[in-house]
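> any chance you can model this:
(chains A and B)
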Amino acid sequence: GENVEQHPSTLSVQEGDSAVIKCTYSDSASNYFPWYKQELGKRPQLIIDIRSNVGEKKDQRIAVTLNKTAKHFSLHITETQPEDSAVYFCAAVSYSGGGADGLTFGKGTHLIIQP
Amino acid sequence: GAVVSQHPSWVICKSGTSVKIECRSLDFQATTMFWYRQFPKQSLMLMATSNEGSKATYEQGVEKDKFLINHASLTLSTLTVTSAHPEDSSFYICSADRRARGGEQFFGPGTRLTVL
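This is a model prediction of the structure:
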């Protein structure tokens, strides 16, 4: 099955600086890679996703890059703000027209934005 | 659109009792729903895949006789934790696959189960 590794487990950055979280996956069949932000006791919130037919996607301060050859993808947050503090999870899954498998999550990164 | 609800949001029960958790897709039909478990300060782990009208598929290490899943309609899946014990205390979250959204899954708000 799929295995997703996520680093770092904790990341502390100064407000206004950039944050980068990296993930690797093992299953070459995976073709959908979402990133989630989760606050304590809440459901995961999708913040950005990327499919295997593109290498980069950006949405305002958030971007994701994908390297299929190396099987890794990264989340980039620029101009960090205090409200960005949360736990972030990457995930990977194989999707086809017939539906998707369950998501395999990384272990999570606790992002701390220092004022 | 694509709203998933879960009920109850939290439950406290005595050891040995059974607890049922409902997951509903409110504005779309979900042929497939997924159940995840999240222990404190850990990641989400897939427990099982629930398919409407057929038996659920369980991940390795998840006891199918302990975690009963029923997907009786295109909008409802239930997870029953039978003979619950304190080690079953966790955050249980369901999600629904909406095929038109290319793999994107929609999560319910989760159920916090505490077994005394």
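> name the SS class of whichever residue of chain B sits closest to chain A, please.
Going by CB to the nearest CB, chain A is nearest to residue B:103 of chain B, at 3.3 Å. In this view, the C-beta of every residue, glycine as well, is placed from N, C-alpha and C. Per DSSP: H, G, I helix; E, B strand; the rest coil, the secondary structure class of residue B:103 is coil.
> leaving out sequence neighbours, find the closest residue to it.
Setting aside the residues directly before and after it, residue B:103 is nearest to residue A:95 in space (CB to CB, 6 or more residues apart in numbering or on different chains), at 3.3 Å.
> picking up where we left off before, distance-wise, check the residue of chain B closest to chain A relative to residue B:74.
Taking CB to CB, to the nearest Å as the measure, residue B:103 and residue B:74 are separated by 19 Å.
> between those two, point out the one with more neighbours.
residue B:103 (22 against 15; other CB atoms under 10 Å in any protein chain shown).
> from memory the more buried one sits against residue A:52, does it?
No: using CB atoms under 8 Å, residue B:103 makes no contact with residue A:52, being 10.3 Å away.
> just the pLDDT at the residue with the largest distance to the centre of chain A, thanks.
When distances to the mean C-alpha position of chain A are computed (CA atoms, centre = their mean), the maximum falls on residue A:98, with 24.4 Å. Residue A:98 is assigned 70 on the pLDDT scale.
> what parts of chain B come near chain A?
B:31-32, B:34, B:36, B:42-46, B:49, B:59, B:91, B:93, B:95, B:97, B:99, B:102-105, B:107-110, B:112 (CB under 8 Å from any CB of the partner chain).
> let's see that with 6 Å instead.
B:32, B:34, B:43, B:44, B:46, B:49, B:97, B:99, B:103, B:107, B:109, B:110 (CB under 6 Å from any CB of the partner chain).
> could you flag which of the residues you listed are buried?
Buried by 16 or more other CB atoms under 10 Å in any protein chain shown: B:32, B:34, B:43, B:44, B:46, B:49, B:97, B:99, B:103, B:107, B:110, out of the residues of chain B next to chain A.
> so which bits of stretch A:93-110 are buried?
Neighbour counts over stretch A:93-110 (16+ other CB under 10 Å) mark A:93-95, A:100-109 as buried.
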